[in-house]
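J.: Predicted coordinates and the sequence they were generated for:
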Amino acid sequence: MQNRYACAPEHVATMRTSELRERFLVEDLFVSGEARFTYSHYDRVIMAGIVPGDAPLTLPTPEELHTEHLLDRREAGIVNIGQEAEVTVDSVTYTVPREGLLYVGRGAREIVFSAPGRFYLYSAPAHTAYPTKLVGPDEGNVLDLGEQETSNKRKLRQLLYNGDVKTCQIMMGVTRLEAGSMWNTMPAHTHDRRMESYLYFDVADDARVIHLMGEPSETRHLVVANEQGVISPSWSIHSGVGTRAYAFIWAMAGENQAFDDMDAAPVTGLR
C-alpha cells in the first residue's frame with residue numbers, strides 16, 4: 001500500500017512537477033490479478049484498483065491498517081469501470097454493471113471480485129454500519145450540466161448522495177463529458193469541509209487530462225493519463241480539461257455530505 005502524507009498549501013506552491021506527481025497523482029492502480037491500495041492522510045481515505053485475473057480475487061487487508069479486515073472500521077464505495085461482473089460480500093453476490101456502484105458498509109468481512117470487472121474502491125472511516133446496496137449507473141440523482149458553447153456539456157451521476165443509500169461520510173459518483181466537450185468543474189471551487197479524489201477513465205491512449213489543483217491564487221497542474229487517480233486536498237481547486245472527452249469518478253469524504261457546500265473560485269480570479 002502506498003502512503004501519501006498531507007501537505008500544506010505553502011509547501012505545494014514550491015513543488016516541482018515531479019514532486020507534485022509523487023504527492024498527488026496515483027499511477028498504476030490497475031494491474032491484472034492484483035488489488036493495489038493508496039492511503040491518503042487527507043481524511044484517511046483509501047483509493048484502490050482491483051482487477052481479478054483468471055480466478056476470483058478476495059480483497060486483502062493491507063498490513064498497515066492493523067485490522068483483520070479492510071472494513072472493520074471503514075465503509076467503501078466500489079465502481080466497476082470494466083464489463084459487468086459479480087462482487088460477493090459475505091456470501092451475498094451482487095451483479096455490478098459497468099459504471100454501477102456497490103456500497104459496502106462497515107463490518108463486511110469477505111469481499112470477492114470476479115472477472116471481467118475492473119473495480120475502483122474508495123474507502124473512508126465509518127462511525128456506524130449501514131447496509132450494503134447496489135446502485136445502477138442511471139439510479140441516484142442524474143444531472144445534465146454545462147453547455148456545448150463552453151465545452152463542458154456533461155452528465156453527472158450522483159450515486160452516493162444524500163439519498164436512498166445511507167453512508168457515514170462517503171459521497172461518490174460518475175461524470176462523463178459529451179463528445180466535443182473537454183472541461184469539468186469550471187468555474188472551479190474548493191470545499192474546505194471535505195477532500196475529494198478523482199479517478200479518470202476512458203481517456204484515449206493518445207489523450208491526456210490537464211488536472212488543475214492548488215489554491216486559486218497559486219494554481220498548479222498534473223498531466224493525467226487513463227485510469228490514474230488524483231488526491232485533491234480540501235483547500236485545493238479540482239478542475240480539468242482534456243485533449244478530448246473522458247469520464248471520471250469523483251469521491252468525497254469529510255465533515256459533511258452537503259454537495260453544494262463549496263466555495264466558488266471564479267475563473268477571473270485564478271492565477
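T.: Perfect, thanks for sending it.

J.: Given the lowest-mean-pLDDT helix or strand in the chain, what are its sheet partners and their directions?
T.: Taking mean pLDDT, DSSP states H and E as the measure, the helices and strands of the chain show their lowest mean at strand 263-265, namely a mean of 86. Strand 263-265 sits in its sheet next to strand 188-190 (antiparallel), going by DSSP bridges.

J.: Report the distance from the strand it pairs with to the chain centre.
T.: Taking the mean of its C-alpha atoms, strand 188-190 sits 17 Å from the chain's own mean (C-alpha atoms, centre = their mean, to the nearest Å).

J.: Low-confidence ranges, the chain, go.
T.: Applying pLDDT under 70 to the chain flags no residue at all.

J.: mind listing the helices for it?
T.: If DSSP state H is used as the criterion, the helices of the chain fall at 9-12, 17-24.

J.: hey, which of the ones you listed is tucked in deepest?
T.: When neighbours are counted by mean count of other C-beta atoms under 10 Å, the highest per-stretch mean among the helices of the chain falls to helix 17-24, a mean of 15. Yep, even glycine has a C-beta here, placed from its N, CA and C like the rest.

J.: Show me what that helix is packed up against.
T.: strand 218-224, strand 228-232 (3 or more C-beta pairs under 8 Å, 6 or more residues apart in numbering; DSSP states H and E).

J.: so which of those strands gets nearest residue 44?
T.: Go through the helices and strands packed on helix 17-24 one by one with C-beta to C-beta and the one that ends up closest to residue 44 is strand 228-232, at 11.9 Å.

J.: which outside residues touch that closest one?
T.: Here strand 228-232 makes contact (C-beta atoms under 8 Å, 6 or more residues apart in numbering) with 4, 23-27, 29, 38, 40, 42, 47, 195-200, 211, 213, 222, 224, 238.

J.: do the same with stretch 198-212
T.: Outside stretch 198-212, the residues that reach it (C-beta under 8 Å, 6+ apart) are 29, 47, 79, 81, 120, 176, 188, 219-230, 232, 237-244, 246-251.

J.: From those, list the buried ones, please.
T.: Of all the contacts of stretch 198-212 considered here, the ones buried according to neighbour count by 16 or more other C-beta atoms under 10 Å are 29, 47, 79, 81, 120, 176, 188, 219-222, 224, 227-230, 232, 237-242, 246-251.

J.: Show me the strands in the stretch 51-200 of the chain, by range?
T.: Secondary structure of the stretch 51-200 of the chain, counting by DSSP state E, counting those that start in this stretch: strands at 57-58, 74-80, 85-89, 92-96, 101-104, 111-113, 119-125, 133-135, 141-145, 154-160, 171-177, 183-184, 188-190, 194-201.

J.: Could I get these in a markdown table, plus columns for distance to residue 17?
T.: Shown next, in a markdown table, are the strands of the stretch 51-200 of the chain (distance: least, C-beta to C-beta, whole Å):
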| stretch | distance to residue 17 |
| --- | --- |
| strand 57-58 | 34 |
| strand 74-80 | 29 |
| strand 85-89 | 36 |
| strand 92-96 | 36 |
| strand 101-104 | 33 |
| strand 111-113 | 34 |
| strand 119-125 | 25 |
| strand 133-135 | 37 |
| strand 141-145 | 31 |
| strand 154-160 | 28 |
| strand 171-177 | 25 |
| strand 183-184 | 21 |
| strand 188-190 | 20 |
| strand 194-201 | 18 |
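
J.: This completes my enquiry, with thanks.
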